[in-house]
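Enquirer: Build me a structure from this.
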Amino acid sequence: MSSSEQTATVDLEAERKQCLRLLTYGLYAVTVRRGDEHSAFTANWLTQVSFDPPLVALSVENSSHSIGMIRESGIFTVNLLPSGARDVAGMLGRRWSRVPDKLDRVEHAFGPNGCAIVAGALGYLECRVTSSVPAGDSTVFIAEVTAARHLREGAALTMAESGFRHAG
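Expert: Sure thing, here's the model as predicted:
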């Protein structure tokens with residue numbers, strides 16, 4: 001079989017997904033609020049993009065419940081989950097339409113900006129959205145880190161450790 005015939009038999013979509021899943025990611029609990037309404041979701045597409053000012057980029061699925069809350073309030077908190085927190089990440093990763101009370105099922109307190117701080121987090125970043133850009137089935141929010149607390153030492157939870165796979 002020639003190399004062109006071999007290429008033709010390869011499932012390019014499956015290979016693309018397999019390669020993208022080799023990129024390394026943390027797994028974070030992002031909490032949001034809009035007035036008295038609170039919610040949370042797990043995110044793995046998050047990165048620091050600037051030191052001065054301190055900025056992060058967060059990708060949020062356009063179909064999520066929380067995206068409207070972020071757009072309206074302009075704030076969110078990134079909870080840095082510790083290694084071993086797979087159950088917390090799994091609970092918060094459920095669709096709001098199926099488990100609207102998911103945040104109530106995870107121990108938490110409220111931080112200075114009013115968003116939840118998940119019990120056991122290594123630390124958290126309070127963020128204020130400065131801009132956003134459409135990105136396919138998601139929106140990327142650029143946000144300034146307005147406050148941060150390092151709560152305890154430990155290794156961070158990763159997608160690889162959790163065994164979860166993003167569907168995209």
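Enquirer: okay, the spatially most central residue of the chain: pLDDT?
Expert: Compute the mean C-alpha point of the chain, and by C-alpha atoms, centre = their mean the closest residue is residue 43, 1.5 Å away. At residue 43, the model reports a pLDDT of 93.
Enquirer: Show me where this protein has its strands.
Expert: 28-34, 37-43, 46-50, 55-61, 75-80, 108-110, 116-118, 123-135, 138-150 (DSSP state E).
Enquirer: follow-up on the earlier one: ok, the residue nearest to the centre of the chain touching residue 25?
Expert: No. Residue 43 lies out of contact with residue 25 (C-beta atoms under 8 Å); the separation is 9.1 Å. Where you see a C-beta, it was placed from the backbone N, CA and C, and this is true even at glycine.
Enquirer: hang on, the earlier thing: mind putting the strands of the chain into CSV with distance to residue 69?
Expert: Converted to CSV, those look like this (distance: least, C-beta to C-beta, whole Å):
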stretch, distance to residue 69
strand 28-34, 4
strand 37-43, 6
strand 46-50, 17
strand 55-61, 10
strand 75-80, 8
strand 108-110, 15
strand 116-118, 12
strand 123-135, 11
strand 138-150, 12
